[in-house]
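A.B. asks: heads up, no residue letters with this:
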């Protein structure tokens with residue numbers, strides 16, 4: 001449905017082949033008809049599960065925590081209606097609990113097939129039967145397949161993807177932008193992210209994949225830029241008409257104009273090259289809800305976090321002067337070593353505020369997350385590169401500041 005919204009907003013003609021339970025059929029047909037779907041094919045029936053997904057974090061500051069209810073009870077059976085697939089020459093497949101080998105036999109032998117392999121695919125083996133007719137392979141850094149095969153070194157995973165002979169490979173790197181590999185031209189393009197307030201991240205990747213796949217015939221690179229713009233629009237509103245308006249505005253831009261807008265580009269693997277000093281009362285005895293949420297967000301996005309309290313030790317109270325001096329010098333040395341400070345001055349923690357001030361005097365970027373609005377002081381708010389009570393905004397600030405550091409060092 002997210003992909004259908006993306007194609008509707010882009011003004012594309014599309015049909016849908018859906019794997020769904022019978023009880024959702026009428027609503028699915030009605031909704032897709034409103035989006036201008038040309039043909040609805042009930043590809044396969046889901047039994048044993050409601051096809052309902054619980055989502056822990058809809059803005060994806062950290063792991064979204066998808067939970068497919070009764071997933072172990074789910075079964076999928078193809079229907080005779082699936083034979084209608086044979087008339088299509090291009091399609092995008094979102095793998096699920098259905099048999100991809102059976103799907104390969106249903107599709108036209110001449111059809112060009114794109115795959116979004118971000119979820120529900122444990123290995124690349126099921127795609128072997130499509131070799132030679134794959135238009136694009138699309139994956140994401142939040143995909144378990146990527147994390148298992150390419151999180152440490154992408155080159156090995158990229159080599160495996162290339163063995164399937166796709167025309168293009170798209171790696172979506174969340175707020176850090178994306179990279180698109182044109183296999184025919186043997187070119188790699190970097191597509192920056194346009195960061196703003198994330199209203200909802202659910203389905204953003206699906207929109208990107210659908211709009212990208214739709215525009216591949218116009219050029220792989222151009223398709224990625226258009227898809228990225230559509231995905232950005234989807235993340236920033238939940239109102240369909242506003243989404244379509246924004247996408248149409250983006251489509252009116254040339255690729256040169258899109259490039260001229262700039263953006264944030266920070267590849268997954270480059271993030272480990274920069275160290276983040278975690279300035280916070282990171283002690284065992286404090287209430288840790290906000291601390292743990294911030295740490296989870298930074299870790300999820302593959303940032304290299306340095307935690308002075310954990311690395312240099314938590315002092316007993318009271319402590320001898322020589323212990324205080326030793327820890328102070330170790331913390332200052334670590335602060336000097338780091339490239340950026342992520343500050344969380346809970347309870348107006350004096351140590352955190354001092355660390356922030358020291359970083360500001362050396363012109364290190366300071367991202368200040370103040371969830372309880374306890375530090376609405378001129379020096380804190382104006383001195384911080386980004387100050388916010390919102391973790392999503394602060395996370396964007398980290399991406400943006402680190403992207404600029406990367407650009408300065410190139």
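C.D. replies: Thanks, I have the structure now. Note that the structure is a prediction, hence the values are computed from the model and not measured. Numbers count the residues shown, from 1 in each chain.

A.B. asks: From here on, just use CA atoms for contacts and neighbour counts.
C.D. replies: Noted.

A.B. asks: got any ranges where the chain has weak pLDDT?
C.D. replies: Along the chain, no part satisfies pLDDT under 70.

A.B. asks: Go through it and flag its longest helix.
C.D. replies: In the chain, taking DSSP state H as the definition, the longest helix is helix 391-409.

A.B. asks: What backbone torsions are found at residue 245?
C.D. replies: Phi and psi for residue 245, reported as degrees, to the nearest 10, are phi -60, psi -50.

A.B. asks: what's the neighbour count on the closest residue to it other than its chain neighbours?
C.D. replies: Closest residue to residue 245 apart from its sequence neighbours, by Cα to Cα, 6 or more residues apart in numbering: residue 9 at 7.6 Å. Other residues within reach of residue 9, judged by other Cα atoms under 10 Å, total 23.

A.B. asks: and if you look at residue 408?
C.D. replies: Residue 408, neighbours per other Cα under 10 Å, totals 8.

A.B. asks: Equivalent analysis for residue 343, please.
C.D. replies: Here the number of neighbours of residue 343 (other Cα under 10 Å) works out to 25.

A.B. asks: repeat for residue 22
C.D. replies: Counted with other Cα under 10 Å, residues neighbouring residue 22 total 13.

A.B. asks: give the contact list for it.
C.D. replies: Counting by Cα atoms under 8 Å, 6 or more residues apart in numbering, residue 22 makes contact with 45-46.

A.B. asks: related to what we said a few turns ago, how far out from the middle of the chain is the longest helix of the chain?
C.D. replies: Distance, stretch centre to chain centre, for helix 391-409: 15 Å (Cα atoms, centre = their mean, to the nearest Å).

A.B. asks: Check which residues of that helix are buried.
C.D. replies: In terms of neighbour count (16 or more other Cα atoms under 10 Å), helix 391-409 has its buried residues at 391-403, 405-406.

A.B. asks: In this protein, which residue is most central in space?
C.D. replies: The residue lying closest to the centre of the chain (Cα atoms, centre = their mean) is residue 174, at 2.7 Å.

A.B. asks: So for it, what's the nearest residue that isn't a sequence neighbour?
C.D. replies: Distance criterion Cα to Cα, 6+ apart; nearest residue to residue 174, sequence neighbours excluded, is residue 141 at 7.0 Å.

A.B. asks: That neighbour is in contact with residue 170, isn't it?
C.D. replies: No: using Cα atoms under 8 Å, residue 141 is not in contact with residue 170; the gap is 10.8 Å.

A.B. asks: Against which helices or strands is the helix or strand that contains residue 324 packed?
C.D. replies: Under the criterion of DSSP states H and E, residue 324 resides in helix 321-337. With contacts defined as 3 or more Cα pairs under 8 Å, 6 or more residues apart in numbering; DSSP states H and E, the packing partners of helix 321-337 are strand 275-279, helix 308-312.

A.B. asks: what pairs with the first one, and is each one parallel or antiparallel?
C.D. replies: Each strand paired with strand 275-279, and its direction, by DSSP bridges: strand 304-306 (parallel), strand 340-343 (parallel).

A.B. asks: tell me how far the ends of stretch 120-140 are from each other?
C.D. replies: In stretch 120-140, first residue to last residue: 12 Å (Cα to Cα, to the nearest Å).

A.B. asks: got the contact list for that stretch?
C.D. replies: For stretch 120-140, the surrounding residues in contact (Cα under 8 Å, 6+ apart) are 95-97, 100-101, 104, 110-118, 144-146, 161, 164-174, 209, 213.

A.B. asks: rewinding a little: and the angle from the longest helix of the chain to strand 275-279?
C.D. replies: Angle, helix 391-409 to strand 275-279, by axes from the mean of the first three to the mean of the last three Cα atoms, to 10 degrees: 140 degrees.

A.B. asks: what packs against helix 391-409?
C.D. replies: Applying 3+ Cα pairs under 8 Å, 6+ apart, one finds that helix 391-409 contacts helix 289-300, strand 366-369, strand 386-388.

A.B. asks: separation between the closest residue in space to residue 153 that isn't next to it in sequence and residue 150?
C.D. replies: Excluding its sequence neighbours, the residue lying closest to residue 153 (Cα to Cα, 6+ apart) is residue 269, at 7.6 Å. Between residue 269 and residue 150 the distance is 9 Å, computed by Cα to Cα.

A.B. asks: again with residue 304
C.D. replies: As defined by Cα to Cα, residue 304 lies at a distance of 17 Å from residue 150.

A.B. asks: and what of residue 288?
C.D. replies: Taking Cα to Cα as the measure, residue 288 falls 32 Å from residue 150.

A.B. asks: out of the two, which sits in the busier spot?
C.D. replies: Remark: of residue 288 and residue 150, residue 150 carries more neighbours, 17 against 14, as counted by other Cα under 10 Å.

A.B. asks: Give me the distance between the more buried one and residue 268.
C.D. replies: 10 Å.

A.B. asks: can you check residue 329 too?
C.D. replies: Taking Cα to Cα, one finds residue 329 at 32 Å from residue 268.

A.B. asks: who has more neighbours, those two?
C.D. replies: Applying other Cα under 10 Å to residue 329 and residue 268 shows that residue 268 carries more neighbours, namely 22 against 12.

A.B. asks: For the more buried one, list the residues it contacts.
C.D. replies: By Cα under 8 Å, 6+ apart, the residues touching residue 268 are 141, 151, 173, 176, 301-302.

A.B. asks: tell me which element residue 242 falls in.
C.D. replies: Residue 242 belongs to helix 240-251 when elements are defined using DSSP H and E.

A.B. asks: Tell me which other helices or strands that helix touches.
C.D. replies: By 3+ Cα pairs under 8 Å, 6+ apart, helix 240-251 packs against helix 2-9, helix 220-235.

A.B. asks: For residue 77, which three-state class applies?
C.D. replies: Look at residue 77: counting by DSSP: H, G, I helix; E, B strand; the rest coil, its state is strand.

A.B. asks: I figured it was touching residue 46, is that so?
C.D. replies: Yes: checked against Cα under 8 Å, the pair residue 77 and residue 46 is within contact range at 6.8 Å.

A.B. asks: which of the two has more neighbours?
C.D. replies: residue 46 (19 against 13).

A.B. asks: What about the more buried one? Give its phi and psi, please.
C.D. replies: The phi/psi pair for residue 46 (degrees, to the nearest 10) is phi -90, psi 130.

A.B. asks: Kindly report the same for residue 180.
C.D. replies: According to degrees, to the nearest 10, residue 180 has phi -120, psi 130.

A.B. asks: Kind regards, and thank you for your time.
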